[in-house]
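In: could you look at this predicted model? Sequence included:
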There are 2 protein chains.
Amino acid sequence: MPSKPRGPRLADIAKLANVSESTVSKVLNGRTGVSAGTRARVEAYLQDTPHQPRATKRPTAPLLDVLCYEIDSPFGSEVVAHIEQAARQDGLGMVLTGSNADNLPHPGWVGDVLSRQPVGVVLIACRLLEADRKMLRSRNIQIVVIDPAGTPAPDIPSIGSADWNGGYLATRHLIDLGHRRIGIITGPPDMMASTARFSGFRAALDRAGIAIEPELVRPGQFHHADGLAEGLALLSRPDRPTAIFASSDLYALGVYEAARTLGIGIPDELSVVGYDDLRIAQWAGPPLTTVHVPLAGMAQHAVHLIRRLGGEPELAFTRIDIDTSLVVRSSTTVPTKVSN
Amino acid sequence: MPSKPRGPRLADIAKLANVSESTVSKVLNGRTGVSAGTRARVEAYLQDTPHQPRATKRPTAPLLDVLCYEIDSPFGSEVVAHIEQAARQDGLGMVLTGSNADNLPHPGWVGDVLSRQPVGVVLIACRLLEADRKMLRSRNIQIVVIDPAGTPAPDIPSIGSADWNGGYLATRHLIDLGHRRIGIITGPPDMMASTARFSGFRAALDRAGIAIEPELVRPGQFHHADGLAEGLALLSRPDRPTAIFASSDLYALGVYEAARTLGIGIPDELSVVGYDDLRIAQWAGPPLTTVHVPLAGMAQHAVHLIRRLGGEPELAFTRIDIDTSLVVRSSTTVPTKVSN
DNA sequence: CTGAAAGCGCTTACAG
DNA sequence: CTGAAAGCGCTTACAG
């Protein structure tokens, strides 16, 4: 029985490889003065029994690495805050890194993560190259994704919310108020969350027997600027919609600005429904009717999942979706023109 | 001449403090079996000659610890995002932790930081107990504060912006437009940034020969809810002000809501100036006239300062203030009632 | 190229 | 509570 449960020491590896401790030390530190053959043999043994450097006396507090899309956006910052809290309650420190514009980590990130040895990695609307995923897996670093971007990796557990349902609820609400011409600003097509919201929108329209009008469907990247631009486009039409389903709260604020610019009153002349229920939704004028996304719950699940995965590495594929709900505030009402 | 340039070893400190290496080891590791007096003496020497543990062979990517007030607020999240970027460009990973409601770290944070051994700590609108400061100092972990809260520690370098000037500019702008009855919502009195903004406000009024009206000065904690409550109080007065200097953008949004509730139009019936120039200021309806705080520059300075301090531990007291400027958008105009 | 030996920096068990 | 001594895990200078 080994005296310390910390893993093999230099002496152990030296014995296995039938060399001296000095030689193992040289190999580990990439020093010269070792023949290619000896080096290869030692490396081979290190493969099987990876060497962990001597336990530093005060073991370092465990870390969780978070890679997030737009950490200064209202969405990013709220998710991150919830993860920080969940991580802290779980005794984990959170290392936060922003992704690049393609929702990928910047070069060097994976190497840094490996050196930090966190218990896991949470990706928020981000993705990883397969080589990087393998790298992390091989060091026993768990990966969980919140709101995956790009083609979802089949072997990474992901956490989302009921986006289809949210899209349906939002649209249904507008239909129930009497709206028939409803515009939508959709999100990036490579995000499941966007397409599901749009699909819910379409289903609600279908069910009410309302034909979808392609000109009323406008694409965007979930940014305020898109909401403004597409809002202006939608509202400048002679047959402008009486309601807009802005599939992010940021879009909704952009639509607000478009309406203000054109002198269109909300909700009297235009109803707007947002999506996410970020705090800016409450601060908007008028307060925004929106779909509540349970970010706190998603964050907690992400952290717990990381912990569970650490225990049993071969957990089957997991996908968790948490319920969404509609929060009715003051940006929606019955249409004036169409009447009821 | 020391054999290694890595800093004092246990033996050096033991010699200085006239104790054994064992005792120094116990103190460093927080073990029992050391008298209070001896412990204090050793800690004192550690203060002067901070101890760095022996270099571990596979070096972990260097870290920067950030303690931030309300990381999900628009202010907190923007500062944090800038620090993350500056840190990343400097090869530093950022560990982010939210403070408690008193702007202090939660219990256990300092211990975690010590175990992580970051190159430094950035406090955003937060403070530290003196014992904790000493602890960090003794391990050669640098401390820098952005927008200090509470009584400022004299030995911690701090970074702020020209708050007095910002308060002056904002108020001057309103006076120049012709406003004479100007309300203000002030920040927490224990933050230098708040009191400096108020002082700038007062100075601008003084210079224009306008007497300050105590009933028009309302306190708050920089939150949206304060802006709403104090805005309602101010605007419900029979002699309501024609302009309000909301000394945070969040206040301004609260004032917007108060005005909307009371049917008061902005800017026609009420001019509003915010403070911070966060992104929400551009998204507000109407876009908010506000004082620009150079958060990106402040974040960069914080990171660079940490790095410089690491080099020369005995840097003199430092206080950096970066310039503010007024950004005029659409929430301010000439007063209607008072005319000009 | 290789490893025995000396040594570094720290921790721990234990005698006083 | 204190420190001499033993010991751990690793590195380095050097003889072969």
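Out: Happy to help now that I have it.
In: A:Leu228: what's it in contact with?
Out: Contact analysis of A:Leu228 by C-beta atoms under 8 Å, 6 or more residues apart in numbering or on different chains lists A:254-255, A:257-258. For the C-beta atoms, the positions are set from N, CA and C on the backbone; glycine is no exception.
In: check which residues of stretch A:250-270 are buried.
Out: Neighbour-count burial for stretch A:250-270 flags A:250-260, A:264, A:266-267, A:269-270 (criterion: 16 or more other C-beta atoms under 10 Å in any protein chain shown).
In: what ranges do the strands span in the stretch 201-340 of chain A?
Out: Read by DSSP state E, counting those that start in this stretch, the stretch 201-340 of chain A holds these strands, from start to end of the chain: A:217-219, A:243-246, A:271-276, A:289-292, A:319-322, A:325-327.
In: do the fourth one and chain B meet?
Out: This points to strand A:289-292. No. Strand A:289-292 lies out of reach of chain B by C-beta under 8 Å from any C-beta of the partner chain, never closer than 14.9 Å.
In: what does that strand rub up against?
Out: So strand A:289-292 is in contact with A:166-167, A:169-170, A:173, A:249, A:252, A:271-277, A:281, A:324-332, going by C-beta under 8 Å, 6+ apart.
In: can you say which of those are buried?
Out: A:166-167, A:169-170, A:173, A:249, A:252, A:271-277, A:281, A:324, A:326-327, A:329, A:331-332.
In: the worst-scoring helix or strand of chain A on mean pLDDT near DNA strand C anywhere?
Out: Least confident helix or strand, chain A: helix A:36-48 with a mean of 75, by mean pLDDT, DSSP states H and E. Yes. Counting by C-beta under 7 Å from any atom of the strand, contacts between helix A:36-48 and DNA strand C involve A:37-38.
In: in that helix, what's buried?
Out: Here helix A:36-48 shows A:38-39, A:41-42, A:45-46 as buried, counting by 16+ other C-beta under 10 Å.
In: what is the nearest of the residues you listed to chain B?
Out: Chain B lies nearest to A:Leu46 out of the buried residues of helix A:36-48, by C-beta to the nearest C-beta, at 12.3 Å.
In: just checking, that closest one touches A:Ala14?
Out: No. Judged on C-beta atoms under 8 Å, A:Leu46 makes no contact with A:Ala14 at a distance of 11.2 Å.
In: skipping adjacent residues, who's closest to A:Met191 in space?
Out: A:Ala149 (5.4 Å; C-beta to C-beta, 6 or more residues apart in numbering or on different chains).
In: possible to save the strands of the stretch 201-340 of chain A as CSV with distance to B:Gly178 and mean pLDDT?
Out: As requested, the strands of the stretch 201-340 of chain A are exported to CSV (distance: least, C-beta to C-beta, whole Å; pLDDT from 0 to 100):
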stretch, distance to B:Gly178, mean pLDDT
strand A:217-219, 42, 98
strand A:243-246, 38, 98
strand A:271-276, 35, 98
strand A:289-292, 38, 98
strand A:319-322, 53, 90
strand A:325-327, 41, 98
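In: okay if I get those strands as CSV plus distance to DNA strand C?
Out: Shown next, in CSV, are the strands of the stretch 201-340 of chain A (distance: least, C-beta to the nearest atom of the strand, whole Å):
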stretch, distance to DNA strand C
strand A:217-219, 58
strand A:243-246, 57
strand A:271-276, 48
strand A:289-292, 50
strand A:319-322, 41
strand A:325-327, 53
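In: among these, which is nearest B:His179?
Out: The closest of the strands of the stretch 201-340 of chain A to B:His179 is strand A:271-276. By C-beta to C-beta, the value is 32.8 Å.
In: contact partners of the closest one?
Out: A:74-75, A:166-167, A:170-171, A:173-174, A:177, A:179, A:197, A:242-249, A:251-252, A:255-256, A:259, A:266, A:281, A:288-291, A:293, A:331-333, A:335.
In: so of the residues you listed, which ones are in helices?
Out: A:74-75, A:166-167, A:170-171, A:173-174, A:177, A:197, A:249, A:251-252, A:255-256, A:259, A:281 (DSSP state H).
In: how about the spatially most central residue of chain A: what's its closest non-neighbour residue?
Out: Nearest to the geometric centre of chain A sits A:Ile124, at 2.3 Å (C-alpha atoms, centre = their mean). Nearest residue to A:Ile124 in three dimensions, chain neighbours excluded: A:Cys68, at 4.1 Å (C-beta to C-beta, 6+ apart).
In: all helices for chain A, in order.
Out: Going by DSSP H, chain A shows helices at A:10-17, A:21-28, A:36-48, A:74-89, A:109-116, A:130-138, A:163-177, A:192-207, A:224-235, A:249-261, A:279-283, A:295-311.
In: and the stretch 151-300 of chain A, which residues reach DNA strand D?
Out: Residues of the stretch 151-300 of chain A lying near DNA strand D (C-beta under 7 Å from any atom of the strand): none found.
In: in the stretch 151-300 of chain A, which residue sits nearest DNA strand C?
Out: A:Gln300 (35.2 Å; C-beta to the nearest atom of the strand).
In: what pLDDT does that residue get?
Out: With respect to pLDDT, A:Gln300 scores 97.
In: how about the nearest residue to it, chain neighbours excluded?
Out: A:Ala86 (4.6 Å).
In: residues contacting the one you found?
Out: Counted by C-beta under 8 Å, 6+ apart, A:Ala86 has contacts A:299-300, A:302-304.
In: how about 7 Å then?
Out: A:299-300, A:303 (C-beta atoms under 7 Å, 6 or more residues apart in numbering or on different chains).
In: do the same with A:Arg127
Out: Here A:Arg127 is in contact with A:103-104, A:148-150 (criterion: C-beta under 7 Å, 6+ apart).
In: ok, A:Ala61 to DNA strand D distance?
Out: 21 Å (C-beta to the nearest atom of the strand, to the nearest Å).
In: helices or strands up against the least confident helix or strand of chain A?
Out: Using 3 or more C-beta pairs under 7 Å, 6 or more residues apart in numbering or on different chains; DSSP states H and E, the elements in contact with helix A:36-48 are helix A:10-17, helix A:21-28.
In: near DNA strand D at all, that helix?
Out: No. For helix A:36-48, no contact with DNA strand D is found by C-beta under 7 Å from any atom of the strand; the gap never falls below 12.0 Å.
In: that helix vs helix A:10-17, what angle?
Out: 120 degrees (axes from the mean of the first three to the mean of the last three C-alpha atoms, to 10 degrees).
In: so which residues make contact with helix A:36-48?
Out: With C-beta under 7 Å, 6+ apart, helix A:36-48 has contacts from A:13, A:16-17, A:19, A:23-24, A:27.
In: likewise stretch A:131-141?
Out: Everything outside stretch A:131-141 that qualifies as a contact, by C-beta under 7 Å, 6+ apart, is A:110, A:113-114, A:118, A:120-121, A:143, A:153.
In: list the buried ones in it?
Out: Buried residues in stretch A:131-141 (16+ other C-beta under 10 Å): A:132-133, A:135-136, A:141.
In: export those to CSV and tack on distance to DNA strand D and pLDDT?
Out: Output for the buried residues of stretch A:131-141, formatted as CSV (distance: C-beta to the nearest atom of the strand, whole Å; pLDDT from 0 to 100):
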residue, distance to DNA strand D, pLDDT
A:Asp132, 27, 92
A:Arg133, 29, 91
A:Met135, 23, 87
A:Leu136, 23, 88
A:Ile141, 21, 89
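In: and which of these is nearest to DNA strand C?
Out: A:Ile141 (26.8 Å).
In: now the closest one: how far from chain B?
Out: 14 Å (C-beta to the nearest C-beta, to the nearest Å).
In: tell me the contacts of A:Phe222?
Out: With C-beta under 7 Å, 6+ apart, A:Phe222 has these contacts: A:187-188, A:248, A:250-251.
In: among the residues you listed, which pair sits farthest apart?
Out: Farthest pair in these, by C-beta to C-beta: A:Pro188 and A:Leu250, 13.0 Å.
In: now stretch A:333-340: mean pLDDT?
Out: 69.
In: and for stretch A:194-212?
Out: 98.
In: now swap in stretch A:16-30 and tell me
Out: 81.
In: list the buried residues for it?
Out: In stretch A:16-30, counting by 16+ other C-beta under 10 Å, buried: A:16-17, A:19, A:23-24, A:26-28.
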